[in-house]
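J.: have a look; sequence and predicted model below, questions after that.
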Amino acid sequence: MNREPSALLVALACLLISLPSFAALGNVAASLPSGKIVSADFRVGNSGQSAVLILHGFLQTSEFPTVASMSDALSAAGYTVLAPTLSLGISRRNRSLPCEAVHLHTLDDDVAEVAFWVRWLLRKGHGSIILVGHSFGNLQLLTYLDRHPPPAVKQVLLIALTDVEVKQDARQRAQQAQDFRNRAARGDNTLIETEFGACKKYVSPSAALLSYMKLSRRSILDSLVNSPVPAAVILGGQDDRMGADWLDTLVARGITVRVIPGASHFFDNQYEFDLQEALLQALPGS
Amino acid sequence: MRFASIRERLSPRPIAHYALLFFFVLLVSLGVFAALVFHDTARLKDQIAQSEEKLARQELEEAIGLMTRQAEDAAQALMHWDEARQQLDNPAYYAYWRNTRALAAGMLPGTESLDAVDLYDLKGRNLSVVATGEAIMPPHIATQGMQPFVRHENGHDHLYFFYPFHQDTARTALAGYAGFKYDFQDGLNQLRKFRYLDLDSVRIALRDGQSMPLKDVMPALQVRTIANPETRALEKIITRSFYEIALIISVISLIAYLALVSIVTKPLRRLSGHIEAMRHGKDGTLGGSYQGLLAVTELESVRHSLNDYQRQLDDMHVSLAHKNQELWALAHRDPLTGSFNRRAFEDDWSAMLRTHADTSLGVAFLLFDCDHFKAINDTYGHQVGDQVIQGLAESLRGALRAADRLYRLGGDEFATLLASADTERARQVAERCMEHVLRHDFTALGVKEPVRISIGIATLDAADDEALQRMHRQADIAMYYAKRPGQGKIAVYTSEMGAGQEALVSNAETSAVFEAMADPGLLEMHYQPVLALSSSRVEYYEALARIRGGRGLIVPASIFPVVELRGLESEFDLAVLERVRRDLDAGCIPAGAGVALNVSGPGIVNAHVIDKLMQFVAWLPEYKLVLEVTETSLITQIAQASANLNRLRLRGFTIALDDFGSGYSSLRYLASMPVDLVKFDISMVHSLAAKGRQAVLVEDLARLVKDAGYALVAEGVESEALLQKVTALGFSHAQGFHIGHAAPLATPLSAVGAL
């Protein structure tokens, strides 16, 4: 009988604590070393809680609904949330970039910007940083983790982890990568229209394309397995962007995977809350 | 005054003229109305056209404004577009982006009207130039004072907009410039629908390659308006409505005109024509002119009224004709006898003169006069007298031809005109008339005496206005001549007929008679001796009156017609008696002799005459006084006459019946009269000189009268033989030229001495 009032008090206290984080909602902008202006959705959480960096999917922004939903949930839970929007080579980018746009960005550029924002958090005094990625953003985070992240990075949560070999197998991707390499070797910087990721017509010069061709199922699994921080995967039970064996593959490699039944790649509709619940449950201190 | 003068100048016109004038005015009004309508319509069209042009220009201005705002919106969208910023940051693939993304990405509003988009770097250089060396848009732009402009290129007008390209919303970070190119007309066309502006007509007076700032474009634009279907429809409706109204009015007017002509003008003309015909005396009612009713009530009323009026007029005409006939009859007929009167006679004479003005008429004029009518009238009364007149008229009409008219000229005087008749023919007619009168039974009227007429005949000697009067006078003279004792009762005028007869119609003789009656001294008595055959001495003198007139001595033949015509017998008797009395007083008449005094028929019954005669009684001891009366004078008032004669006879007068045998010679009268002497008329005495039945008859009559106890006096004894004869026949006295002429006082004595 005496525990219930105390539980309520704890919940109320948590709510009151979380209020300042709502007050700290807003975009922040920063200038990259290249001079490009980048922005992020930054919400200050409780000082005792980890900062969570949420990275959006391919060509999206921090305002992507799945990302925003997770930001809301984590911010509400008292986490400091930073959801940057990758510039993709465009200063002050604030909208998703169409596949048909000229894509000059590279995977390295993306990873560099992730590192930029981690450092930004560090400069803000956040000693515990949890990385949360969605879709293709997971691959950029994994690539980042491969490159010796700072110790402040404590955990990575991979939401809807993408398999890059759903439409093209490794051999096909290797051939394509070779083609890109050949072009680059010839100094051919013309734009190539190609099917890339979810894009049927992706326009980019071969050099830029080639940067992303580093990613493969194997590299992903290796990155997961070799991740310097704990990594967990949350998948939607109805995510059609994955191969049928993707879940099994992950599990087979000993990766922690939580599947939200019925959810799609974007965890929309009522699965938004399932994702939030699963996310909070996966974070420390929940 | 002015209206009056105008009205005077306006003569009446046929109603059709007024109708035509009305329709002319109507047509003119319609024409004026049409002109006004078309003028107003044209003005309205001009106003609408001006308004529409104004609206079209407003539309154009609004569209240009829209295009400007669209360009501004596009510029804003471009600045917010990441890819555009990417190109300004790194234009390596600008050409690809501009060609495949700039317009196709759908990021810019109004891309359907946007021909091209280009980005410029901070120096105003087209990124295409930077990238590939080619440019669709101007390769360079002025970065200061940039403003939209229109350029004519390849037959098209293009509108260019340039804006600074800021990377941030605060517009502090200028990244370059953006340019937009629109096809002017296509852009306007895609921007909006134009209600008034005909977009195809929009032209800007620019040569190829020439530019013009947008702010200067509007005044230079050449625009046309879209033909407004509503205006055109309205114009059509107005025009059609007008023509329909005009047609309806024209049709109604035509119908009204025809109706007016049919139901008003024609009937009015017929009414007018009929009235005109009536005015000219043609007959016939309007009812005969129309079958059925007239359409207009008033005209029908007029027709009825006219018909009624005409019927009344006809009735009046008939009545007037009757009245005229009656009046004519009254004016031209004698109411007593039914014969024509003097007026008819004069009219007929005038008509005859007019008809036969240039031809010889051969007209005979017969004048009838009843003998002794006055005596009959006085004896039997006026009623019987009238009946006698009627009988005479009836008899005379029976004797005349049907075509010959009998005129009653007055009293007992009748006349007739016989056309184409000579003297012999006239005489035959006169004799037939005489016979008819003689055959008529007047005894039924109680008239015991025979009614006879005297007829004077004159023939026309010349056809002139005076002829009638002259012929009438001549017939008058002839008639009086016929009346004279011893005449045949029918006398044809001859110039030899005594001038004395002229006295009847002579003012001089008439005046002399009146003057003599007023002054008996003017009378000049001639005394004709009467010889006593037994003693051969003049036993007495018959006093015969003469009047000394201005032109000589007026004899009895001229005196007594006047006296009788004018009914002056008694007065004249008194004058003669007075004159004889004066002669007696003067001793002109030898004592022992006698005087025979002629007294007229009226005189013998006149108290004054009787009284005058009584004054002669004083001379009876010395003079034989013989009172001569004619047998005709005894017819009337025979009782009074007999009484007076008896009275005078008793006083010593000798009564002599004068002119026996010239009149009725009724022995009954002779027997009933107190008569001492019977004076045989000269015609009877003269017949004694001839051999024949008449002489025998006279001789026997003389013996008869003598045997009856009367003394006989023979008049007109103009020879010794005749004297012997009468002496032998037993006449007691004789007078005549053989014995002595009538002469003034001294002469008889000498005459006696001659015997």
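T.: Perfect, I can see it now.

J.: let me see the residues that make contact with the helix or strand containing residue B:642.
T.: Assigned by DSSP states H and E, residue B:642 belongs to helix B:638-651. Around helix B:638-651, the neighbours that count as contacts under Cβ atoms under 8 Å, 6 or more residues apart in numbering or on different chains are B:379, B:601, B:604-605, B:610, B:613-614, B:617, B:620, B:627, B:629, B:633-634, B:655, B:669, B:672-676. No exception for glycine: its C-beta is placed from N, CA and C like everyone else's.

J.: helix or strand right after the helix or strand bottoming out on mean pLDDT in chain A?
T.: Scoring the helices and strands of chain A by mean pLDDT, DSSP states H and E places helix A:3-23 at the bottom, with a mean of 40. Sequence order places strand A:27-31 as the next helix or strand after helix A:3-23, per DSSP H and E.

J.: so does that following strand get close to chain B?
T.: No: residues of strand A:27-31 are not located near chain B by Cβ under 8 Å from any Cβ of the partner chain, the shortest gap being 9.7 Å.

J.: would you mark the buried spots in that strand?
T.: Residues of strand A:27-31 classed as buried: none (neighbour count, 16 or more other Cβ atoms under 10 Å in any protein chain shown).

J.: okay, now the residue of the stretch 201-350 of chain B found nearest chain A: neighbour count?
T.: Proximity of the stretch 201-350 of chain B to chain A (Cβ to the nearest Cβ) peaks at residue B:214, 31.1 Å away. For residue B:214, the neighbour count with other Cβ atoms under 10 Å in any protein chain shown is 18.

J.: and the longest helix that chain B contains, how far from the chain's centre?
T.: Longest helix in chain B by number of residues, with DSSP state H as the criterion: helix B:15-80. Mean-position distance between helix B:15-80 and its chain equals 72 Å (Cα atoms, centre = their mean, to the nearest Å).

J.: for it, packing partners?
T.: When contacts are defined as 3 or more Cβ pairs under 8 Å, 6 or more residues apart in numbering or on different chains; DSSP states H and E, helix B:15-80 sits against strand B:114-120, strand B:156-166, strand B:174-183, helix B:184-191, strand B:197-204, helix B:217-220, strand B:221-225, helix B:229-260.

J.: and the next helix or strand past it?
T.: Reading on from helix B:15-80 to the C-terminus, the next helix or strand found by DSSP H and E is helix B:82-89.

J.: closest residue of the stretch 151-286 of chain A to chain B?
T.: Nearest residue of the stretch 151-286 of chain A to chain B (Cβ to the nearest Cβ) works out as residue A:191 at 5.6 Å.

J.: do I have it right that that residue meets residue B:96?
T.: Yes: using Cβ atoms under 8 Å, residue A:191 makes contact with residue B:96 at a distance of 5.6 Å.

J.: overlap in contacts, those two.
T.: With Cβ under 8 Å, 6+ apart, residue A:191 and residue B:96 have common neighbours A:102, A:203.

J.: so how far is residue B:629 from the nearest residue to residue B:534 once chain neighbours are set aside?
T.: Leaving aside its sequence neighbours, residue B:534 sits nearest to residue B:732 (Cβ to Cβ, 6 or more residues apart in numbering or on different chains; 6.5 Å). The spacing between residue B:732 and residue B:629, counted by Cβ to Cβ, to the nearest Å, is 18 Å.

J.: how many neighbouring residues does residue A:200 have?
T.: For residue A:200, the number of neighbouring residues by other Cβ under 10 Å comes to 12.

J.: read off the pLDDT value for residue 233.
T.: Since you didn't name a chain, this refers to chain A. pLDDT recorded at residue A:233 is 95.

J.: other chain: chain B
T.: pLDDT, residue B:233: 81.

J.: immediately after the top strand by length along chain B, which helix or strand?
T.: In terms of residue count, the longest strand belonging to chain B (DSSP state E) is strand B:537-549. Once the chain leaves strand B:537-549, the next helix or strand it forms, by DSSP H and E, is strand B:552-554.

J.: before we move on, back to that, mind listing what's buried in the helix holding residue B:642?
T.: B:638, B:641-642, B:644-645, B:648-649.

J.: now it: average pLDDT?
T.: pLDDT averaged over helix B:638-651 gives 85.

J.: stretch B:123-131 too?
T.: Here stretch B:123-131 scores 82 as its mean pLDDT.

J.: near chain B, which residues of chain A show up?
T.: Within reach of chain B by Cβ under 8 Å from any Cβ, chain A has these residues: A:36-37, A:89-95, A:97-98, A:100-102, A:104, A:189, A:191, A:203, A:205.

J.: buried members of the residues you listed into PyMOL, please.
T.: Selecting only the buried entries of the residues of chain A next to chain B in PyMOL, with 16+ other Cβ under 10 Å as the criterion:
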select buried, chain A and resi 36+37+89+90+91+92+93+95+97+98+100+101+102+104+191+203+205
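
J.: pretty sure residue B:480 contacts residue B:561?
T.: Yes: using Cβ under 8 Å, residue B:480 makes contact with residue B:561 at a distance of 4.9 Å.

J.: outline the domain layout of chain B.
T.: Per automatic domain parsing, the structural domains of chain B span B:16-227, B:333-497, B:506-754.

J.: next, format these as CSV and append distance to residue B:237.
T.: Formatted as CSV, the domains of chain B follow (distance: least, Cβ to Cβ, whole Å):
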stretch, distance to residue B:237
domain B:16-227, 10
domain B:333-497, 84
domain B:506-754, 107
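
J.: got the confidence number for the closest residue to chain A within the stretch 151-300 of chain B?
T.: Nearest residue of the stretch 151-300 of chain B to chain A: residue B:167, at 5.9 Å (Cβ to the nearest Cβ). Note for residue B:167: predicted pLDDT of 83.

J.: please apply the same query to residue A:277.
T.: For residue A:277, pLDDT reads 93.

J.: so which helix or strand takes in it?
T.: helix A:271-282.

J.: my read: residue B:712 touches residue B:678, true?
T.: Yes: under the criterion of Cβ under 8 Å, residue B:712 makes contact with residue B:678 at 5.6 Å.

J.: and the helix or strand hosting residue A:259, average pLDDT?
T.: For residue A:259, the element it lies in under DSSP H and E is strand A:256-260. Strand A:256-260 carries an average pLDDT of 94.

J.: could you list every helix and strand in contact with the longest strand of chain B?
T.: On a contact count with 3+ Cβ pairs under 8 Å, 6+ apart, strand B:537-549 meets helix B:507-518, strand B:523-532, strand B:552-554, helix B:556-565, helix B:569-586, strand B:594-598, strand B:624-630, helix B:746-754.

J.: hmm, try it at 7 Å
T.: helix B:507-518, strand B:523-532, strand B:552-554, helix B:556-565, strand B:594-598, strand B:624-630 (3 or more Cβ pairs under 7 Å, 6 or more residues apart in numbering or on different chains; DSSP states H and E).

J.: dihedrals phi and psi, the residue of the stretch 151-286 of chain A closest to chain B?
T.: Taking degrees, to the nearest 10, you get phi -70, psi 140 for the backbone angles of residue A:191.

J.: dump the residue contacts of it.
T.: By Cβ atoms under 7 Å, 6 or more residues apart in numbering or on different chains, the contact set of residue A:191 is A:102, A:203-205, B:93, B:96.

J.: now, which of the residues you listed lie within helices?
T.: In helices, defined here by DSSP H, the members of those are residue B:96.

J.: and the contacts of helix B:638-651, which are buried?
T.: B:379, B:601, B:604-605, B:610, B:613, B:627, B:629, B:633-634, B:655, B:669, B:673-676.
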